[in-house]
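S.K.: curious how this folds, go ahead:
(chains A, B, C and D)
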Number of protein chains: 2
Amino acid sequence: MASRTIENYLKQLWLQQQESRGKYVSMGKLAALVGVTAGTATTMVKAIADSGLAKYTPRAGVRLTRAGEQLALHVLRRHRLLELFLVEVLGIDWSDAHGEAEELEHVISETVLARMDLLLGHPSVDPHGDPIPSSAGKVEAPELCSLAELQTGSRTVIVRIMDQSSEFLRFAQTSGLVPKAAVIIEHNNPQAGAISARPNGQQPVILSMTAAAKFLVRPCAATGKRRGKRS
Amino acid sequence: MASRTIENYLKQLWLQQQESRGKYVSMGKLAALVGVTAGTATTMVKAIADSGLAKYTPRAGVRLTRAGEQLALHVLRRHRLLELFLVEVLGIDWSDAHGEAEELEHVISETVLARMDLLLGHPSVDPHGDPIPSSAGKVEAPELCSLAELQTGSRTVIVRIMDQSSEFLRFAQTSGLVPKAAVIIEHNNPQAGAISARPNGQQPVILSMTAAAKFLVRPCAATGKRRGKRS
DNA sequence: CCTTATACTTTGACTACTCAAACTATGCTA
DNA sequence: TAGCATAGTTTGAGTAGTCAAAGTATAAGG
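M.R.: Okay, the predicted model is just below:
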């Protein structure tokens, strides 16, 4: 139906809307995410809006319609199932899986996807802990808090990693900070601006607050909790 | 390197050259194979020739250079490995695998392909018995004869099927005429223009000479042989 | 209130691919 | 050998996507 290009715009738009809690996405942001100039993004967004997949208000930004969201979620489903398949079945490094899936997500058929889904046992999350939308186009992401929000002495389990770049993922892997890993917060002094986290049976890892915020965990707190921080 | 479009032209060109024993391929033929008009094929072939992948002689036809052949063989390798992977690992129907692979062959990376190759145990043929080119770009297809050339009473084994259309493949499958199947020629009267072949433990199947010629077998003959017929 | 930096939009141009239709070469048939 | 059918080529035009550069709106500061 939609071209590869449009699928990409929709996917990035959806991802960005999640980030910004449904607010209109600016052209500059979208252009950067898709990897085109702002002028190109403006042109494409107008075309996308004309086909009813988004609402575009000049100079204010763009937001997906319900139809656009559905399409975006189907692309995202393909992407995340593919990532998991590449990692689980083919043994591709998880730091490479994202890039590979980026290409495949636009050409894989429903038939093949359904086979992968079956083979993987209808999984609910991809290798980074990101939820896989259902074939009906539904996602539910539980509210999680981040490593940065936990107090010294907390014990928790990493659920999701909010950075797909292969550099960050390689760092996370070598540090032992992967989904399902149990972690103890050894130090989190609010004044320090950095924390020390120790994955089960590994060396402690020092993380900036920015880096720590990329690791979402559950349960949120054991020794204590601090919530409501909008980082 | 080369675009999807060009990869397709090269692949069809290579396939057609095999068919016609290395002769120049006509524009009409190529256009039909790729699914474009003759004018489009002429334009593209000139561009392909300019980039050194083929030799083009106006009104005579086009032929791949060594470089073009190598590229074509890499595409073909991706295609055939994917077909096998889809059938063996994902359980896709072999009549659908061709079409699926047609899309995937242009986006799959070398890394992913190498993983599939490993998982499949470095296979030498795809589900139709077509040889899979090596990663170095070599193929060797043994000389085979067809079901149409065998005399009444011959026993043989199907090795390769020379028709990728899903209709024909479905027919072949339901008849039991699949690669590795043992077959007895029950009747082959040259005057009749049709043969009757019985796969091991199945009902006999009546085939026109055209249809029978699509099944390549080995050994070529048990009771007797008739060769050299160019059908 | 005017000025300016910034983000956004518009414009014109380019690449890759495609088609329809007009034109041309080739070779066969009479 | 003239005439024609056929296959191939050229031309003009269109779609999808892109960029660079010029133009425009907006909010923020003096």
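S.K.: who's in contact with whichever strand or helix holds residue A:117?
M.R.: Assigned by DSSP states H and E, residue A:117 belongs to helix A:110-119. Where contact means C-beta atoms under 8 Å, 6 or more residues apart in numbering or on different chains, the residues beyond helix A:110-119 that reach it are A:77-78, A:81-82, A:85, A:89, A:123, A:135, B:86, B:89-92, B:96, B:100. All C-beta spots, glycine's among them, are computed from the backbone N, C-alpha and C.
S.K.: who's in contact with residue A:28?
M.R.: Taking C-beta under 8 Å, 6+ apart as the criterion, residue A:28 is in contact with A:38, A:41.
S.K.: revised request: answer the last question for residue A:101.
M.R.: Per C-beta under 8 Å, 6+ apart, neighbours of residue A:101: A:78-80, A:82-83, A:86.
S.K.: out of those residues, which are inside helices?
M.R.: A:78-80, A:82-83, A:86 (DSSP state H).
S.K.: burial measure for the closest residue to residue A:48 other than its chain neighbours, as a count.
M.R.: Leaving aside its sequence neighbours, residue A:48 sits nearest to residue A:54 (C-beta to C-beta, 6 or more residues apart in numbering or on different chains; 4.9 Å). Using other C-beta atoms under 10 Å in any protein chain shown, residue A:54 has 24 other residues around it.
S.K.: work out for me the element the residue of chain A most remote from its centre sits within.
M.R.: Relative to the C-alpha centroid of chain A, counting by C-alpha atoms, centre = their mean, residue A:191 is the outermost residue, at 28.9 Å. Applying DSSP H and E as the criterion places residue A:191 outside every helix and strand.
S.K.: and the pLDDT for it?
M.R.: Per-residue confidence at residue A:191 stands at 81 (pLDDT).
S.K.: so what sits opposite residue A:183 in the bridge?
M.R.: Beta bridges link residue A:183 to residue A:156, residue A:199, judged by DSSP bridges.
S.K.: and it, what does it touch?
M.R.: A:147, A:155-158, A:177, A:197-200, A:217.
S.K.: and residue A:193, how many neighbours?
M.R.: Around residue A:193 there are 10 residues (other C-beta under 10 Å).
S.K.: and the helices in chain A?
M.R.: Under DSSP H, chain A gives helices at A:4-19, A:27-34, A:38-50, A:66-88, A:94-104, A:110-119, A:166-175, A:209-212.
S.K.: quick check: ChimeraX command selecting the buried ones in the contacts of helix A:110-119.
M.R.: Filtering the contacts of helix A:110-119 down to the buried ones (16 or more other C-beta atoms under 10 Å in any protein chain shown) takes a single ChimeraX command:
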select /A:77,78,81,82,85,89,123 /B:86,89,90,92,96,100
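S.K.: wait, doesn't residue A:125 sit right on residue A:131?
M.R.: Yes: the pair residue A:125 and residue A:131 passes the contact test of C-beta atoms under 8 Å, sitting 5.6 Å apart.
S.K.: what count of nearby residues applies to residue A:14?
M.R.: 22.
S.K.: so what's it closest to, chain neighbours aside?
M.R.: Residue A:14's closest residue in space is residue A:72 (C-beta to C-beta, 6+ apart), at 3.7 Å.
S.K.: what's the answer for residue A:202, then?
M.R.: Residue nearest to residue A:202 in three dimensions, not counting chain neighbours: residue A:176, with 3.9 Å by C-beta to C-beta, 6+ apart.
S.K.: show me the contacts for that neighbour.
M.R.: Contacts of residue A:176 (C-beta under 8 Å, 6+ apart): A:199-203, A:205.
S.K.: where does chain A dip in pLDDT?
M.R.: The model of chain A has pLDDT under 70 over residues A:221-231.
S.K.: can you name the residues of it that neighbour chain B?
M.R.: A:86, A:89-92, A:96, A:100, A:103-104, A:106-109, A:111-112, A:115-116, A:119 (C-beta under 8 Å from any C-beta of the partner chain).
S.K.: if we use 6 Å, what do you get?
M.R.: Within chain A, the positions adjacent to chain B are A:90-91, A:100, A:103-104, A:107, A:109, A:112, A:115 by C-beta under 6 Å from any C-beta of the partner chain.
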